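Peer 1: only geometry, no sequence info:
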């Protein structure tokens, strides 16, 4: 039993050392642990380095520690059979890594309280080989073919014609119908987010759409007829204004999602193998060809050759919209695809990516090196950044 808890005990030992709270016996244990492996001493040295400390405090502040702790305690309480196989095998090491991070964060706050002003003065530079996170970037293509860069525009009216007013307001584009709907000339616009971009659009019926990176939405400047239809590529989160007489339809290739008024996430990236519709509130009908399924809140429809429905973690499904990466025993290949879309990076030797799984909650508003550092805490991998490329090495 003691051996099974060893990584956790080591994390506690490091924490107590940083706070200067070791007993004589614990000092002996700590000294023996340091002598076991040169990397142990390197870890402790880095934790005592003020510049590294400042970076680590910045890094751990970017992690949603509440959500991470909930995930962690759930894993601890699960029996080995309940844990996904890869996580079940390595769970105690992941726990230890998380505990070291959390204990160290607390220890830093207490041990270095008297140095706080000095640490605050340490400028945290962006390393030369690092990549900044994405942000609110998008282009808007109007009916006449003109393309507007929303990132470069100031708040205010973008265009007003044919009874439609388009405005930019703090990271979102808003469509508003002026006068009577019958007098409006209907044209089509497309909003597109590049790699490393995201944007929020309010459609003319009041429905709201958040677009993830490398996504686009093609929509009319006013809705008419029996349905409100838009076309999506990539991923979008939808909050649909209710209108029982005119259902809202999202088309993505052969997949069609039909709703009256609801909140849902629709992921339809071509390189993800299957599209996924996740329902938070209301009811939606998901169709592909002659097949269709109706899903309820908390369910996700996975659309491949056929439509499968399962219960999922809603927080994970919409984490991107709320500013987080959230992984629940997610495989490394899927994680890297998300990082590629947000940071605009390339991964070397993609065919040799190890079959590892991770559970983490990390802010998307952080540099690439900080995200990779979190993944490295598993003890399984080492990442190297060179420009816009990253390479991966498994630790021996």
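Peer 2: Arrived safely, thanks for sending. It should be emphasised that the depicted structure is a prediction, and the values quoted were computed from it without experimental measurement.
Peer 1: gap between the residue nearest to residue 292 when sequence neighbours are not counted and residue 307?
Peer 2: Excluding the flanking residues, the one nearest residue 292 by C-beta to C-beta, 6 or more residues apart in numbering is residue 285, at 5.9 Å. For every residue, glycine as well, the C-beta is placed using N, CA and C. According to C-beta to C-beta, to the nearest Å, residue 285 and residue 307 sit 11 Å apart.
Peer 1: who's more crowded, those two?
Peer 2: residue 307 (20 against 17; other C-beta atoms under 10 Å).
Peer 1: follow-up on the earlier one: part of a strand, is the residue nearest to residue 292?
Peer 2: Yes. Membership of residue 285 in a strand is supported by DSSP: H, G, I helix; E, B strand; the rest coil.
Peer 1: report pLDDT for it.
Peer 2: With respect to pLDDT, residue 285 scores 94.
Peer 1: how about residue 21?
Peer 2: Looking at residue 21, the pLDDT reads 65.
Peer 1: when you give positions from now on, start the count at 50
Peer 2: Noted, 50 is the first residue going forward, which turns the last one into residue 70.
Peer 1: overlap of the contact sets of residue 334 and residue 356?
Peer 2: 341-342 (C-beta atoms under 8 Å, 6 or more residues apart in numbering).
Peer 1: what sits against residue 350?
Peer 2: Contacts of residue 350 (C-beta under 8 Å, 6+ apart): 325-326, 335, 342, 344, 356-358.
Peer 1: hmm, back to that, and the residue nearest to residue 341, bridged to which residues?
Peer 2: residue 307, residue 343 (DSSP bridges).
Peer 1: quick one: it from residue 305, how far?
Peer 2: 8 Å.
Peer 1: ok, residue 223 next?
Peer 2: Distance from residue 223 to residue 305, by C-beta to C-beta: 26 Å.
Peer 1: tell me who's in contact with the residue nearest to residue 341.
Peer 2: 306-308, 341-343.
Peer 1: hmm, 7 Å instead?
Peer 2: Contact analysis of residue 334 by C-beta atoms under 7 Å, 6 or more residues apart in numbering lists 307, 341, 343.
Peer 1: with residue 379 instead?
Peer 2: Counted by C-beta under 7 Å, 6+ apart, residue 379 has contacts 406-407.
Peer 1: just the element for it, please.
Peer 2: strand 373-380 (DSSP states H and E).
Peer 1: and the following helix or strand past that strand, what's its mean pLDDT?
Peer 2: Downstream of strand 373-380, the first helix or strand assigned by DSSP H and E is helix 381-392. Averaging pLDDT along helix 381-392 gives 95.
Peer 1: tell me the buried residues in helix 381-392?
Peer 2: 381, 384-385, 387-392 (16 or more other C-beta atoms under 10 Å).
Peer 1: which phi and psi does residue 350 have?
Peer 2: Backbone geometry at residue 350, expressed as degrees, to the nearest 10, gives phi -100, psi 120.
Peer 1: quick revisit: quick check: the residue nearest to residue 341 vs residue 367, distance?
Peer 2: 20 Å.
Peer 1: quick check: end-to-end length of stretch 188-206?
Peer 2: 15 Å (C-alpha to C-alpha, to the nearest Å).
Peer 1: can you give me the buried ones in that stretch?
Peer 2: Those would be 188-192, 197, 199, for stretch 188-206 by 16+ other C-beta under 10 Å.
Peer 1: which of those residues fall in strands?
Peer 2: 188-190, 197 (DSSP state E).
Peer 1: and the two most separated of those residues?
Peer 2: 190 and 197 (7.8 Å; C-beta to C-beta).
Peer 1: just want the most central residue of the chain.
Peer 2: The structure's the chain has its C-alpha centroid closest to residue 374; by C-alpha atoms, centre = their mean the separation is 2.3 Å.
Peer 1: need the contact list for that one.
Peer 2: Residue 374 neighbours (C-beta under 7 Å, 6+ apart): 368, 387, 411, 413, 420.
Peer 1: nearest residue to the second one in space, please, no chain neighbours.
Peer 2: Spelled out, it's residue 387. Nearest non-adjacent residue to residue 387 (C-beta to C-beta, 6+ apart): residue 374, at 6.3 Å.
Peer 1: so that neighbour bridges to which residues?
Peer 2: Beta-bridge partners of residue 374, as defined by DSSP bridges: residue 411.
Peer 1: which pair in the buried residues of stretch 188-206 spans the largest distance?
Peer 2: Most distant of those, by C-beta to C-beta, are 192 and 199, 16.6 Å apart.
Peer 1: about what we covered before: residue 430 versus the residue nearest to residue 387, what's the distance?
Peer 2: Residue 374 is 16 Å from residue 430, by C-beta to C-beta.
Peer 1: check residue 195 too.
Peer 2: Residue 195 is 46 Å from residue 430, by C-beta to C-beta.
Peer 1: swap in residue 80?
Peer 2: With C-beta to C-beta as the criterion, residue 80 and residue 430 are 29 Å apart.
Peer 1: go on, residue 246?
Peer 2: Taking C-beta to C-beta, one finds residue 246 at 28 Å from residue 430.
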